[in-house]
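Colleague: pasting the sequence and the predicted model now:
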Amino acid sequence: MTQETSSNTKAPTGFSLTLYRWRKSFGTSTPYLMAFGIFLWLTSYWLLTEGIGLPRFNKLPGPVEVVTEWLSTDPLWGISLFSETYHEHIYVSFRRIIIAFAIATGVGVPLGLFMGWSKIFRDYSFPILETLRPIPILAWVPLAILMFSGFETPVIFLATLASLFVTTLNTMLGVDSIDEEYFRAAKCLGSKPRDVFIHVVIPGALPFIFTGLQISIGVAWFSLVAAEMVSGDYGLGYMIIDSYMNVTYVSMVIGMLTLGFAGWFTAALVRIAGNRAMEWRVRALALEGR
Amino acid sequence: MTQDTNAKGAISIRNVTKIYDPDGVNVMAVDDCSLEIAAGEVCMVVGPSGCGKTTLLNAIAGFHSITSGEILLDGDVLCGPDKPKADQGADRMVVFQHGALFPWKTLAENVAYGPIVQEVMSKSEAMDKAHHMLAEAGIADMGNKYPGEVSSGMARRAEIVRALINDPKVLLLDEPYRAMDALTKSIMHESLLEVYDRTKVTIFFITHDLEEAIFLGDRVVVMTTRPAKMKKYLEVDIPRPRDFRTLSSNRFRSLVEETKDAVHEEAVKAFEAGEREMA
C-alpha cells in the first residue's frame, strides 16, 4: 500500500482495531515467547510430579492427572468441569466477590476522593484508616464471625474490608497526584468547587483509581479465599481446604487453577473498564508505542 | 505603544513586597516592586531564574497572597492591605509554563470549558464557538484530539484559545514557550502576535529569552535577582505588525544589545547565589 491510500482510509476502531492489533502481534516475538514459556512451566511441573517424580513431589497430582480429571464427565473425586458441585463453588465465590468488590468500590472511591480533595476530611479520617489498614485480614476473622451471623456475611465482610482499604488509599493518592496547575487552571476559568470536583478531581484521579481497583480485586480474592477456608460452606476456598482434608489432592489443584483463571478474568474486566473510562490516556499511550 | 480608547486591562502594581516563610526563615521574593501596565500593552518581564517574576504573576492571578503593597486592575483593587490574596477570575487568564490543558478533555472541550462552567453559554454553543476559535487559530482539525495526541506547539496554541474564549482583560503568560525548539517558537510568536493584533488584550509575559521579549513586547522590564526589583525599563519602538523579518532589522539588534548587559549581570548574580527556584 502506498502512503497516500493509508492516510485516506479511516483508522480502524473497536473490534476491527482489536483484530488488527491481534494480527500485528503475530509479527512480533511476543506470542511465541508466551507459548514457549507456558510450555516450559508445564514441562517442569510434569517432570517433577509425573515424569521423574522427585521425592515428596511424586505424591502431588501432575498436570496430566489434573487435566484428565478436570475434563472428565465422570470425575473420580467428584470435581470436574461437568460436576454441579464445582459450578456451585464457582458461582458462590463469584457472587461474593461481586458483592464485596461493588461495596468496596462504591464506598472506597468516594471516600478516597473526598479524603484527597478536602484537607479537613482527610485530617479526620486518615489516622483511623492508617491504623486499621495494616491489621492483616486474617486477624479480622474472629471479629467478623462474632459480628455477623451465618456463613455469607462474615466472608463478604472480610473480602470487602481488604479491598476497601486498597481502593480508598489509591484513590486518595490519585487525587494527590493531580498537578496543582490543573486546579489553578480550573479556578482561573471560573469553576465552582463542584466543577473542580467533577472535571478535575475525578478524571485526574482515574489512572490511580484503576490501578487501585486492579490490586483491590486481587486482594478481594485473596481475603475471600482465606475467609472461606476458615469459615465457609461453599466457595472455591472451601473447596480447596475440603479437598485437602479429604485427601483428594486433584480437586485441590483444580480449585487452585480455577482461582488463577478467575482472578485473571476479573482483573482483565477491570482493565477493560479502565481503558473505556480513560480513552484520553489509551490514545496518548498508544502514540508512545505502548 | 498601542492604546485603544476603550481598551481594558490596565494593571497597577504598587510597592508590592512578598515574603515567603517556608521553614522559619523569611525569604524575600519580591521587594517593593512597582509597575504600571497600560491597557492593551504587551509587557514583557525578563529576569534570571527564580527571581520572583512568577511570584508577581501568581499575585495578579490570585494564586498567592502578597505581604504588602497593592495590585489594581482597571482601578479596582485586586489585592492590597485589606485583602492579601486576589480572587481568581476569568478576567485574568493564565497560560502556564508546563501547559495545563486538561489531558482528559479534547482540545475543543478544553476551550469550551470556561464558558460552560461560568454558565455564559450552553454546552452546544460553547462547543461550536470552541471549534470556530480553534479554526481561527489554524488548528481546526485538532478539536477532537486529546492534548496527549498533539504537539506541544498545538497544545499551547489551544491553551491560548482556551484563555481567549473567555474574553479576558489580561493574559498572563509564564514562560509558555520555554521548552520549545527555536523553529516552533518562532511560529508560536507569530501566532501570538496575530492574536494580539486581533484582540488587543493586555499581555503580561514572563520569559528568560531577551530576543523573544523584544520581538513581542511594547515594553521590556528587566528584574533583578531575588529579591526582585525593577532594574531597567525598555520601550520597544518597533512598529506593529511585526513578523519574522523584524528579527533581522537593525533596530531589533540594537535593542537586544542595549538590554543584554543588564540581564547578563543579573543572571551572573543569580547563578552565583545558586539558590533553588521558588514558585
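Modeller: Arrived safely, thanks for sending. Residues are numbered from 1 along each chain as shown, chains lettered A, B, ... in the order given.

Colleague: got the contact list for the spatially closest residue to B:Ala179 that is not a sequence neighbour?
Modeller: Spatial nearest neighbour of B:Ala179, excluding adjacent residues (C-beta to C-beta, 6 or more residues apart in numbering or on different chains): B:Ser152 at 6.8 Å. No exception for glycine: its C-beta is placed from N, CA and C like everyone else's. Residues near B:Ser152 by C-beta atoms under 8 Å, 6 or more residues apart in numbering or on different chains: B:Gly99, B:Ala179, B:Met180, B:Thr184.

Colleague: what sits against the third one?
Modeller: Remark: with contacts taken as C-beta under 8 Å, 6+ apart, B:Met180 is in contact with B:Ser152, B:Gly153, B:Arg156, B:Met188.

Colleague: then the first one?
Modeller: When contacts are counted by C-beta under 8 Å, 6+ apart, B:Gly99 is found next to B:Pro147, B:Ser152, B:Ala155, B:Arg156, B:Glu159, B:Pro176.

Colleague: ok but the third one is inside a strand, no?
Modeller: No - residue state for B:Ala155 (DSSP: H, G, I helix; E, B strand; the rest coil) corresponds to helix; a strand is not indicated.

Colleague: check contacts around it.
Modeller: B:Gly99, B:Leu101, B:Leu107, B:Pro147.

Colleague: next: the fifth one.
Modeller: With contacts taken as C-beta under 8 Å, 6+ apart, B:Glu159 has the following neighbours: B:Val95, B:Phe96, B:Gly99, B:Ala100, B:Leu101, B:Asn110, B:Pro176.

Colleague: circling back to that earlier point, reformat the contacts of B:Gly99 as TSV; add pLDDT and distance to A:Val64.
Modeller: Formatted as TSV, the contacts of B:Gly99 follow (pLDDT from 0 to 100; distance: C-beta to C-beta, whole Å):
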residue	pLDDT	distance to A:Val64
B:Pro147	91	55
B:Ser152	84	58
B:Ala155	89	58
B:Arg156	87	63
B:Glu159	91	63
B:Pro176	86	67
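
Colleague: which one of the residues you listed is nearest B:Val120?
Modeller: Taking C-beta to C-beta as the measure, B:Val120 lies nearest B:Glu159 of those, at 19.6 Å.

Colleague: so which helix or strand takes in that closest one?
Modeller: Using DSSP states H and E, B:Glu159 falls within helix B:152-164.

Colleague: returning to that earlier point: what's the most distant pair in the contacts of B:Ala155?
Modeller: Spatially, the most separated pair among these is B:Gly99 and B:Leu107, at 11.9 Å (C-beta to C-beta).

Colleague: common neighbours of those two, please.
Modeller: What both B:Gly99 and B:Leu107 touch, as defined by C-beta under 8 Å, 6+ apart, is the set B:Pro147, B:Ala155.

Colleague: measure A:Tyr45 to A:Lys59 for me?
Modeller: 14 Å (C-beta to C-beta, to the nearest Å).

Colleague: between those two, tell me which one has more neighbours.
Modeller: Between A:Tyr45 and A:Lys59, counted using other C-beta atoms under 10 Å in any protein chain shown, A:Tyr45 has the larger neighbour count: 16 against 9.

Colleague: that one: what's it in contact with?
Modeller: Contacts of A:Tyr45 were listed using C-beta under 8 Å, 6+ apart, and they are A:Gly62, A:Pro63.

Colleague: the nearest residue to B:Glu175 once chain neighbours are set aside - how many residues pack around it?
Modeller: Distances taken as C-beta to C-beta, 6+ apart place B:Gln97 nearest to B:Glu175, at 4.9 Å, with adjacent residues excluded. Burial of B:Gln97 is recorded as 17 neighbouring residues (other C-beta under 10 Å).

Colleague: for B:Gln97, phi and psi?
Modeller: As for B:Gln97, its main-chain torsions (degrees, to the nearest 10) stand at phi -60, psi -50.

Colleague: buried stuff in stretch A:117-127?
Modeller: Residues of stretch A:117-127 classed as buried by neighbour count (16 or more other C-beta atoms under 10 Å in any protein chain shown): A:Trp117, A:Arg122, A:Ser125.

Colleague: any idea which element the residue nearest to A:Val92 when sequence neighbours are not counted lies in?
Modeller: Nearest non-adjacent residue to A:Val92, counting by C-beta to C-beta, 6+ apart: A:Tyr234, 4.1 Å away. Using DSSP H and E, A:Tyr234 maps to neither a helix nor a strand.

Colleague: so how far is B:Gly99 from B:Val150?
Modeller: On the measure of C-beta to C-beta, B:Val150 and B:Gly99 end up 11 Å apart.

Colleague: close to chain B: what parts of chain A are there?
Modeller: Applying C-beta under 8 Å from any C-beta of the partner chain, we find that chain A lies next to chain B at A:179, A:181-182, A:184-192, A:195, A:199-200, A:203-204, A:206, A:278-281, A:283-284, A:287.

Colleague: give the contact list for the most centrally placed residue in chain B.
Modeller: The centre of chain B sits closest to B:Leu173, judged by C-alpha atoms, centre = their mean, with a distance of 2.1 Å. Applying C-beta under 8 Å, 6+ apart, we find B:Leu173 in contact with B:Val94, B:Val95, B:Ile203, B:Phe204, B:Phe205, B:Ile206.

Colleague: which residues touch the residue of the stretch 151-290 of chain A found nearest chain B?
Modeller: Proximity of the stretch 151-290 of chain A to chain B (C-beta to the nearest C-beta) peaks at A:Ala284, 2.8 Å away. Taking C-beta under 8 Å, 6+ apart as the criterion, A:Ala284 is in contact with B:Pro103, B:Tyr146, B:Gly148, B:Glu149.
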